[in-house]
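Enquirer: Below: sequence and its predicted model.
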Amino acid sequence: MEPRMMKAAVLAGPKQIEVREEPVPELKSGEIEIRVSACGV
């Protein structure tokens, strides 16, 4: 089974941010998953 994927903004270096497809991390006991439809920085 393939892992679910998400887009993630990754700090690749000083003043360098890359948007990558990353696997969704597995939830641990007591954690919840929140879906974000939009974000402004």
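Expert: Received, thanks. Only a predicted model underlies this, so the values are computations on that prediction, with no experimental measurement involved.
Enquirer: and the spatially most central residue of the chain, what is it in contact with?
Expert: Nearest to the geometric centre of the chain sits residue 8, at 3.8 Å (CA atoms, centre = their mean). Going by CB atoms under 8 Å, 6 or more residues apart in numbering, residue 8 touches 19, 20, 21, 22. For every residue, glycine as well, the C-beta is placed using N, CA and C.
Enquirer: Specify the local secondary structure of residue 31.
Expert: Classification of residue 31 using DSSP: H, G, I helix; E, B strand; the rest coil returns coil.
Enquirer: on that earlier part again, top of the contacts of residue 8 by neighbour count?
Expert: In terms of neighbour count, residue 22 stands highest of these at 13 neighbours, by other CB atoms under 10 Å.
Enquirer: Partner strands of whatever helix or strand residue 20 lives in, with direction?
Expert: Assessed by DSSP states H and E, residue 20 sits inside strand 16-23. When sheet partners are counted by DSSP bridges, strand 16-23 sits next to strand 5-13 (antiparallel).
Enquirer: what's the average pLDDT for the strand it pairs with?
Expert: Over the span of strand 5-13, the pLDDT mean works out to 93.
Enquirer: Could you shift the numbering so residue one becomes 450, and keep it that way?
Expert: From this message on, residue numbering opens at 450, which makes the last subject strand 454-462.
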